[in-house]
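Participant: no sequence for this one, just the structure:
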C-alpha cells in the first residue's frame, strides 16, 4: 500500500470519526432539548390543572355562601367561617395563578387573567361586595365557566393537544340547575 493510499485511508477514518461525532452530538442535543420541553410541558400541565382546580374550589365555596345567604340552602356554617374558607381558597388560587404567570405562554396568561376577573365577580356577589339578582348571579357563574373553557382551550394549544373543548362537536353547555320549586315549596330556580 502506497503513501497516497495510506493518506486516503487515514482521511476516510478521520472523516468517518468526525461524522460519527457530529451525528452523535446533534442527536444528543436534540434528545436533551426534547427532555427539556417534555419536562416543562409536565410542569405546565400540573400548573394548569392546579389553577383550574383552585378556581373551581373558589366558585363552589362562593356558591355555598351565596345559597346560604339567599336561603336557597340550609345553613350549615356561619358566614364568617364560609368567608374564611373562601379567603383561603382565594390565596390558593392566587398562588396557582402565579405558577401560570411563570410557565405559560402569552395566550394562556391572558385567558387566566380573564378567568380571574370572571371568578372574582362570582366571589364578590357571594360575599356581598356587589349586589345582584339571582339571574345576575347565574350569568356571573356562566361567564366564569365560559372563561374556564377558554382557559382549557388555550392551555391545550400551549401543550400541543389536538382538538378543542367547544365548537360543533362540543356545543356550549349551560349551568346545571335544579328544577324550579312551586311557590309554596320555598326555593325557585
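Facilitator: Right, received. Where do you want to start? Since this is a predicted model, take the numbers as computed values, not measurements.

Participant: what residues are up against residue 77?
Facilitator: Contacts for residue 77 were tallied using Cβ atoms under 8 Å, 6 or more residues apart in numbering; they are residue 68. All C-beta spots, glycine's among them, are computed from the backbone N, C-alpha and C.

Participant: that one in helix, strand or coil?
Facilitator: coil (DSSP: H, G, I helix; E, B strand; the rest coil).

Participant: go ahead and flag the most central residue of the chain.
Facilitator: Taking Cα atoms, centre = their mean as the criterion, residue 48 is the residue nearest the geometric centre of the chain, at 3.4 Å.

Participant: which stretches of the chain have low pLDDT?
Facilitator: For the chain, applying pLDDT under 70 flags the ranges 34-39, 166-172, 177-189.

Participant: what's the longest helix in it?
Facilitator: Using DSSP state H to define each element, the chain has its longest helix at helix 3-69.

Participant: just after that helix, pick out the following helix or strand.
Facilitator: On the C-terminal side of helix 3-69, the nearest following helix or strand under DSSP states H and E is helix 79-103.

Participant: helices or strands up against the helix or strand just after that following helix?
Facilitator: Counting by DSSP H and E, the element after helix 79-103 in chain order, helix or strand, is helix 106-126. Applying 3 or more Cβ pairs under 8 Å, 6 or more residues apart in numbering; DSSP states H and E, we find helix 106-126 packed against helix 3-69, helix 79-103, helix 134-159.

Participant: which of those sits most buried?
Facilitator: Among the helices and strands packed on helix 106-126, ranked by average contacts under mean count of other Cβ atoms under 10 Å, first place goes to helix 134-159 (a mean of 18).
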